[in-house]
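Student: Coordinates only, no sequence provided:
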């Protein structure tokens, strides 16, 4: 290809690119992209000499600097090569023949037949996923009212730190997290949750998922098994299975986890429980069950993971003391989060580990995740030590208690006492029991089409065939005045799928 014809070739491609992209892309980027694509599709073969930047700029009627930018970028990326005294040429970018031959002989890779081929673990994770794309609105479970967060106070504390720049807060942090925050959390947990700890046992994480992931990686091997409550939080099963831990579902009753003889014969490596407010059904683990679980774990070298996700919000009584506070054998790892008490986007959680594990867990956390967010942790520290955290919890406890009352009234209005409510004494959600004949998954889908978010209780069980039917309703993020209208819509959907749910007054009409 001669120099003149090459200029025409580039000019034509640049004009076509302008027509396709309009003025959205700078001219120098257009020239760069045209030459790059022509090299990749072999329209410009290796060894071809390009016109000088001065000549091409004259032909294209533009600044030489514009063309020089494109050439320099292509030289830097290896598409062109410059030969002293000779000019600029298309570089040979063909893959080595040995690599090409090996690729041709290799078995099918991740893409097979145009479809994505996930690993077995990846397929299971996607198929059993419980995460929702919608995270706000009536009646999304487990979401606090972030509109009530004291933004002005947080902003003032944040500005204080940014005004006095501190380099140690801008670099990577140690695996344990910001020491003043760990001290503030230890002080809070000792008083509010009866947790036996000091700052040396606390590690700052991004939330329950990361905490549980670290526990599984540090304390179990591939193929080990873990007890999980049945039903339980979907994320618990997902995290454990993703690292190769086999989950064994243990049913719960009114006293929490049931320790059955057939299960006791096969001690697990890890036991994950929500003793202060079982998720999703809401019962509190009895003292006798707590003591039995602690003794069993100590005798069988098992580790107990206590997920204390929302125990601050208990209505009509003080929060239940932690299981960790009863542990004299140091077998409990206590997990907490600020996602429910403050706002989920904060992504700050914490774990309290036995002293014997503290150093190893700190190293593991830093090695796996490269910790940071020190500025956020510093702001949160002041938020706690200045009393704003405790004040916010007290205020939100009143707000959520009123919303729970309004939701109870709405449920009673539509269903009298013919529907069972569980978990309505604490937290940010409750569960509505439905007859086995009701398809709770279909109800949730029909409600979603009318703008109402609820989750099927049956999805929280390990075995769909034996799962209880019901609905998970969150009320934390629903303003008072929207609770009744939103439930009126949901009640209509439930009645459409459960004809026997109509009240006597409605049947008379």
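Tutor: Yep, it's here. None of the values given here were measured: they were computed from a predicted structure.

Student: ok, for residue 50, nearest residue in space, not its chain neighbours?
Tutor: Nearest in space to residue 50, with sequence neighbours left out and distances taken as Cβ to Cβ, 6 or more residues apart in numbering, is residue 88 at 4.7 Å. Quick note: C-beta positions are derived from backbone N, CA and C, even for glycine.

Student: Looking at this structure, which strand is longest?
Tutor: strand 246-253 (DSSP state E).

Student: What lies in contact with that strand?
Tutor: For strand 246-253, the external contacting residues (Cβ atoms under 8 Å, 6 or more residues apart in numbering) are 223-232, 236-237, 240-241, 257-260, 263, 266, 268, 278, 281, 283, 461-463.

Student: same check, this time on stretch 405-421
Tutor: In contact with stretch 405-421 (Cβ under 8 Å, 6+ apart) are residues 139, 424, 430-434, 473, 475, 478, 480, 483-484, 487-488, 491, 494-495, 501, 503.

Student: Would you mind listing which of the residues you listed are buried?
Tutor: In these, burial by neighbour count holds for 139, 424, 430-434, 473, 475, 478, 483, 487, 491, 494-495, 501, counting by 16 or more other Cβ atoms under 10 Å.

Student: Filter those residues down to the ones in strands?
Tutor: Counting by DSSP E, the buried ones among the contacts of stretch 405-421 contribute 430-433, 473 to strands.

Student: Widest-spaced pair of those residues?
Tutor: The largest separation in these, counting by Cβ to Cβ, is between 433 and 473 at 11.7 Å.

Student: can you point me to the longest helix in this structure?
Tutor: Determined from DSSP state H, the single longest helix within the chain is helix 388-415.

Student: Could I get the buried residue list for that helix?
Tutor: 388-389, 392-393, 396-397, 399-400, 403-404, 406-407, 410-411, 414-415.

Student: what does the domain assignment say about this protein?
Tutor: If you go by automatic domain parsing, the domain ranges for the chain are 3-90, 166-386, 391-508.

Student: returning to that earlier point: which of the residues in the longest strand of the chain are buried?
Tutor: 247, 249-250, 252.

Student: now stretch 273-290
Tutor: Those buried within stretch 273-290 under the rule 16+ other Cβ under 10 Å are 273-285, 289-290.

Student: closest to residue 94 among the ones in strands among the buried ones among the contacts of stretch 405-421?
Tutor: Checking these one by one against residue 94 (Cβ to Cβ), the nearest turns out to be residue 473, at 61.5 Å.

Student: which residues does the closest one contact?
Tutor: 139, 141, 407, 429-432, 454, 490.

Student: what's the neighbour count on the closest residue to residue 371 other than its chain neighbours?
Tutor: Leaving out its chain neighbours, the residue that sits closest to residue 371 by Cβ to Cβ, 6+ apart is residue 173, at 4.7 Å. Residue 173 has 20 neighbouring residues, counting by other Cβ atoms under 10 Å.

Student: next one: residue 372
Tutor: 15.

Student: Hmm, residue 173 and it touching each other?
Tutor: Yes: proximity of residue 372 to residue 173 meets the contact threshold set by Cβ atoms under 8 Å, at 5.7 Å.

Student: so residue 203, which of the three states?
Tutor: Following DSSP: H, G, I helix; E, B strand; the rest coil, residue 203 is assigned to strand.

Student: Bridged to it, which residues?
Tutor: Following DSSP bridges, residue 203 is listed with bridge partners residue 351.

Student: which ones are touching it?
Tutor: 175-177, 182, 211, 350-351, 353, 358, 361-362, 365.

Student: In terms of model confidence, name the weakest of those residues.
Tutor: On pLDDT alone, residue 175 ranks lowest of those, at 75.

Student: which SSE is the residue most central in space within the chain in?
Tutor: The centre of the chain sits closest to residue 209, judged by Cα atoms, centre = their mean, with a distance of 7.0 Å. Counting by DSSP states H and E, the element that carries residue 209 is helix 208-219.

Student: quick one: the nearest residue to residue 235 once chain neighbours are set aside from residue 435, how far?
Tutor: Nearest-residue entry for residue 235: residue 209, 5.7 Å, with adjacent residues in sequence omitted and distances by Cβ to Cβ, 6+ apart. Using Cβ to Cβ, to the nearest Å, we find residue 209 at a distance of 34 Å from residue 435.

Student: In contact with the nearest residue to residue 375 once chain neighbours are set aside, which residues?
Tutor: Among residues not flanking residue 375 along the chain, residue 169 sits closest, at 4.9 Å (Cβ to Cβ, 6+ apart). Contacts for residue 169 were tallied using Cβ under 8 Å, 6+ apart; they are 161, 374-375, 378.

Student: any weak-confidence spans in the protein?
Tutor: 1-5, 17-25, 96-116, 130-135, 501-509 (pLDDT under 70).

Student: Neighbours of residue 371, how many?
Tutor: There are 22 residues near residue 371, going by other Cβ under 10 Å.

Student: Also residue 256?
Tutor: 23.
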